[in-house]
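Asker: sequence below, structure please.
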Amino acid sequence: MLYGNESISHYTRSNITIWMLMAFQAGVLNMGGFMACHRFVSHVTGFATFFGYEYSLRDRGHAWGMLVVPLFFLFGAMVSGYLVDIRLKLHKKPRYYLAYAVIFVLTLLATFGGWMGWFGPFGLPLEEDRLGYLLLIVLCFTCGIQNGTITSVSRSVVRTTHLTGITTDLGIGLVRLFNKNILAAEHQELLESEHKATFMRIGIISMFVLGSVVGGFVFPVAKFWGFLIPAFTSGILLVSMIYFQIINPRKKNS
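Answerer: As a prediction, this is how the structure comes out:
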């Protein structure tokens, strides 16, 4: 992934490191959104559920807000599509560094915007402070870019901002491994890949949970400053992408 190679191996060390770091980052972001305004930011299904709930209470303002916010997850995925997916399809080098630059800037915006009061007081539910919608928009947009980027480069094998799909894949993969004696003769190559995929899925789930745990301890104390954690992790990835996609190729050509 770091080199923009279209025929990447799904389970190289660099790719797995990036996926795990981004799953940790997503766990922190989700916990931050939940503790700041009582909503999970990458759970689009949850927004649809809240829409139904708020609509049934005749609170149409919150109901439509619950539909508008996840649109920014969609917009974020579209941005990553232009920066990564379309360029891969055209056999051009994907601009990972731009995708991570946007994520880095957005996490800084969540940090300093919260400090400046743009999103209202930390911890108030949306029912009491509608400025929280601005924070949800920023975080949903961030998660959309992250998930779209990883989905494109992994060919839809990996998701890092929510666990439903990857938990489903883990369940199917475990059944394959439990029945490897039956499948071995005809599907040996599939089983070898499934071992790597199973450990990768367990790792992503574990890192997401770890990010949530860390966020659970940090945000009650640091409040909006807790978003410096995903700013730091996305900053690391941004510097790595700039080095491997821009600086290192120039050194080779000089």
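Asker: three-state assignment of the residue positioned nearest the centre of the chain?
Answerer: Centroid-nearest residue in the chain: Thr161, 3.4 Å away (criterion: C-alpha atoms, centre = their mean). Counting by DSSP: H, G, I helix; E, B strand; the rest coil, the backbone at Thr161 sits in coil.
Asker: would you pull up how far stretch 36-51 lies from the middle of the chain?
Answerer: 15 Å (C-alpha atoms, centre = their mean, to the nearest Å).
Asker: now stretch 54-73
Answerer: Taking the mean of its C-alpha atoms, stretch 54-73 sits 22 Å from the chain's own mean (C-alpha atoms, centre = their mean).
Asker: who touches that stretch?
Answerer: 39, 42, 44, 47-48, 50-51, 126-127, 130, 133, 136-137, 140-141, 143-144, 147 (C-beta atoms under 8 Å, 6 or more residues apart in numbering). C-betas here are computed from N, CA, C, even on glycine.
Asker: for the nearest residue to Trp118 once chain neighbours are set aside, give its distance to Leu106.
Answerer: Sequence neighbours aside, Leu134 is the residue nearest to Trp118 in space, at 6.2 Å (criterion: C-beta to C-beta, 6 or more residues apart in numbering). Per C-beta to C-beta, to the nearest Å, Leu134 is found 12 Å from Leu106.
Asker: so between the two, which is more surrounded?
Answerer: Between Leu134 and Leu106, counted using other C-beta atoms under 10 Å, the more crowded position is Leu106 (25 against 18).
Asker: per-residue confidence at the more buried one?
Answerer: Leu106 carries a pLDDT value of 97.
Asker: what helix or strand is it on?
Answerer: Assigned by DSSP states H and E, Leu106 belongs to helix 96-115.
Asker: confidence score at Ile137?
Answerer: Listed pLDDT for Ile137 reads 93.
Asker: counting neighbours, what do you get for the residue nearest to it when sequence neighbours are not counted?
Answerer: In space, and not counting its chain neighbours, Ile137 is closest to Phe72: 4.8 Å by C-beta to C-beta, 6+ apart. Around Phe72 there are 19 other residues, counting by other C-beta under 10 Å.
Asker: the helix ranked longest in the chain vs helix 96-115, what angle?
Answerer: Determined from DSSP state H, the single longest helix within the chain is helix 188-222. Angle between the axes of helix 188-222 and helix 96-115 is 30 degrees (criterion: axes from the mean of the first three to the mean of the last three C-alpha atoms, to 10 degrees).
Asker: rewinding a little: put the buried members of the contacts of stretch 54-73 into a ChimeraX selection.
Answerer: In ChimeraX syntax, the buried subset of the contacts of stretch 54-73 is picked out as below (16 or more other C-beta atoms under 10 Å):
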select :39,42,44,47,50,51,126,133,136,137,140,141,143,144,147
